[in-house]
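> sequence isn't available, so here's the structure alone:
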């Protein structure tokens, strides 16, 4: 029967899962226990998975060599794409991190494909009025229930308190795998670094430098050996890159727009800076749809690894929802879900709404955070960047302050800072912190 639209599938997810098994991922046995050939859309991948499961059932280690031998023995090497294709599936595969979510994702898409086929079959039988209506409906209910049960079998059933406690102790002793720092010592001491699964909201008045602070965090993250995807709906990739080059090279930012002011020395410094730019961190610009961001983030996670996802900014991201506030809720929830799924930190840049009568712009509250309250709910940290000069257009252009409005596990308060107008960076003031509003018993981290 003819189905006009393409059936749900994700070739990258299929390739990455098979590649992870071939590369000896630590979860390979769990994946083989949970996966089925029919979960894969590509006929080559189905052939490969069938051979994998046969080897696994026989107690043979599933790797490139054993797969080559098994496919050759079965006469299925060509049907599987050949040995070069099989080897290509391992390109860029990471051997750590959670891949079971990919199994669940493929199972869902397989269920959707089966549901489409089933619906088409039922429609044909209904047109033909074959058998009784009651028998047809009973059969349909049972088959759809079976699909639902298949999905449930791939879902997590939680973790015991003992296992969770053991993991917590391991992190406490050995340190978290991922710590994302802002390059502002006092703020980093207060937060302890952003961890995987955490959503961080960065907010400020228009023009204060939210994107610049996010770019600063991205650069620090890269220097620390982690990698980021910067999703910008506001600036093009080359615009973001030009800011970075100016900051690293020491060239005045205005010269990136006024090429007539560039000297030979300036250009040489920019070239040197460009040669040292990361080849793994990426920029996603243009029209930002939530689905596009998800695809890009998952793709980068599977290839180069992804430790930090920056969304700049929420109002420029298209998302489902009957109203703007509903869309904001969806974006906040999706950002938190991606942080958990991809085991990375997510920074969501957000505007402050304009002050109303009686509100003091210099003393912002969480209620001024633009959009749905879901941001406050899902965020582990909310950081506000403030520059009085931007608000009032008088005073010292370099004066700045960073306010930690929410910290799920520590204190909140204000940190004196400066804004370096040449490098476009926030830097800690020599005066340090002011006005800590709360702190836990152990958050004086022996900073000395």
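Ah, there it is. Keep in mind that what you see is a predicted model, and the values were worked out from it rather than measured. Numbering: from 1, shown residues only.

> what is the end-to-end distance of stretch 250-261?
14 Å (CA to CA, to the nearest Å).

> could you pull up the mean pLDDT of stretch 93-102?
Here the mean pLDDT over stretch 93-102 is 78, rounded to a whole number.

> ok, stretch 255-273 next?
On average, the pLDDT along stretch 255-273 is 90.

> tell me the buried residues in it?
If you call a residue buried by 16 or more other CB atoms under 10 Å, then stretch 255-273 has these buried ones: 255-256, 266, 269-270, 273. C-beta here means a position set from N, CA and C on the backbone, and glycine is covered the same way.

> okay if I get those as CSV plus distance to residue 43 and secondary structure?
Formatted as CSV, these follow (distance: CB to CB, whole Å; DSSP: H, G, I helix; E, B strand; the rest coil):
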residue, distance to residue 43, secondary structure
255, 55, helix
256, 50, helix
266, 56, helix
269, 54, helix
270, 50, helix
273, 48, helix
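
> just the closest of these to residue 13, please.
Among those, residue 273 lies closest to residue 13 (CB to CB), at 36.1 Å.

> tell me what residue 401 is bridged to.
residue 386, residue 416 (DSSP bridges).

> any idea how far it is from residue 198?
Plainly put, residue 401 is 23 Å away from residue 198 if you go by CB to CB, to the nearest Å.

> helix, strand or coil for residue 309?
strand (DSSP: H, G, I helix; E, B strand; the rest coil).

> nearest residue to it in space, please, no chain neighbours.
residue 346 (4.6 Å; CB to CB, 6 or more residues apart in numbering).

> shouldn't the one you found be within a strand?
Yes. With three-state DSSP as the criterion, residue 346 is part of a strand.

> thought it was touching residue 201?
No. Counting by CB atoms under 8 Å, residue 346 stays clear of residue 201, with 9.5 Å between them.

> neighbour count: the two, which is higher?
residue 346 (29 against 26; other CB atoms under 10 Å).

> contacts only, for the residue nearest to residue 309.
Contacts for residue 346 (CB atoms under 8 Å, 6 or more residues apart in numbering) come out as 198-200, 308-311, 335-336, 338-339.

> residue ranges with poor pLDDT in the chain?
Regions of the chain meeting the criterion pLDDT under 70 cover residues 1-4, 94, 138, 142, 145-146, 149-158, 355-362, 364-365, 372, 430-448.

> domain assignment for it?
Structurally, the chain divides into domains by automatic domain parsing as follows: 11-154, 173-438.

> what's the most buried one of the ones you listed?
Relative to the other members of these, domain 173-438 carries the highest mean neighbour count by mean count of other CB atoms under 10 Å, namely a mean of 18.

> now that domain: how far from the chain's centre is it?
14 Å (CA atoms, centre = their mean, to the nearest Å).

> and stretch 123-143, by the same measure?
Averaged over its C-alpha atoms, stretch 123-143 has a centre that lies 43 Å from its chain's centre (CA atoms, centre = their mean).

> state the distance spanning the first to the last residue of it.
The distance separating the two terminal residues of stretch 123-143, taken as CA to CA, comes to 14 Å.

> ditto for stretch 219-227
Start-to-end span of stretch 219-227 (CA to CA) is 9 Å.

> run through who's touching that stretch.
Stretch 219-227 is contacted from outside by 178-183, 228, 244, 247-248, 278, 280-281, 300, 304-308, using CB under 8 Å, 6+ apart.

> same thing but 10 Å
Here stretch 219-227 makes contact (CB atoms under 10 Å, 6 or more residues apart in numbering) with 177-184, 188, 193-194, 218, 228, 244, 247-248, 277-282, 300-301, 304-308, 310, 344-345, 347, 425.

> any chance of the contacts of residue 346 in JSON lines, plus distance to residue 35?
As requested, these are arranged in JSON lines below (distance: CB to CB, whole Å):
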{"residue": "198", "distance to residue 35": "30"}
{"residue": "199", "distance to residue 35": "30"}
{"residue": "200", "distance to residue 35": "34"}
{"residue": "308", "distance to residue 35": "30"}
{"residue": "309", "distance to residue 35": "27"}
{"residue": "310", "distance to residue 35": "33"}
{"residue": "311", "distance to residue 35": "31"}
{"residue": "335", "distance to residue 35": "29"}
{"residue": "336", "distance to residue 35": "27"}
{"residue": "338", "distance to residue 35": "23"}
{"residue": "339", "distance to residue 35": "25"}
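
> nearest to residue 322 among these?
residue 335 (19.7 Å).

> elements contacting the host helix or strand of the closest one?
According to DSSP states H and E, residue 335 maps onto helix 324-341. On a contact count with 3 or more CB pairs under 10 Å, 6 or more residues apart in numbering; DSSP states H and E, helix 324-341 meets helix 100-128, strand 199-204, helix 290-303, strand 308-312, strand 317-318, strand 345-351, helix 374-378.

> ok, then the element right after the second one?
If you walk from strand 199-204 toward the C-terminus, the next helix or strand you reach (DSSP H and E) is helix 210-223.

> circling back to that earlier point, can you pull up the bridge partners for the residue nearest to residue 309?
Here residue 346 shows beta-bridge partners residue 199, residue 309, assigned using DSSP bridges.

> residue 373 versus that one, what's the distance?
Using CB to CB, one obtains 18 Å as the distance from residue 346 to residue 373.

> likewise for residue 311?
Taken as CB to CB, the spacing of residue 311 relative to residue 373 amounts to 18 Å.

> circling back to that earlier point, JSON lines for the buried residues of stretch 255-273, including distance to residue 15?
Conversion of the buried residues of stretch 255-273 to JSON lines gives the following (distance: CB to CB, whole Å):
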{"residue": "255", "distance to residue 15": "44"}
{"residue": "256", "distance to residue 15": "39"}
{"residue": "266", "distance to residue 15": "44"}
{"residue": "269", "distance to residue 15": "41"}
{"residue": "270", "distance to residue 15": "38"}
{"residue": "273", "distance to residue 15": "35"}
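
> so which of those is the closest to residue 18?
residue 273 (39.3 Å).

> list the contacts for that closest one?
Contacts were defined as CB under 10 Å, 6+ apart; by that measure residue 273 touches 241, 244-251.

> format these as TSV; extra columns: distance to residue 78 and secondary structure.
As requested, the contacts of residue 273 are arranged in TSV below (distance: CB to CB, whole Å; three-state DSSP):
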residue	distance to residue 78	secondary structure
241	44	helix
244	47	helix
245	49	helix
246	54	helix
247	53	helix
248	50	helix
249	53	helix
250	58	coil
251	56	coil
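
> which pair of those residues spans the longest distance?
Taking every pair in these and measuring CB to CB, the maximum separation is 16.1 Å, between 241 and 250.
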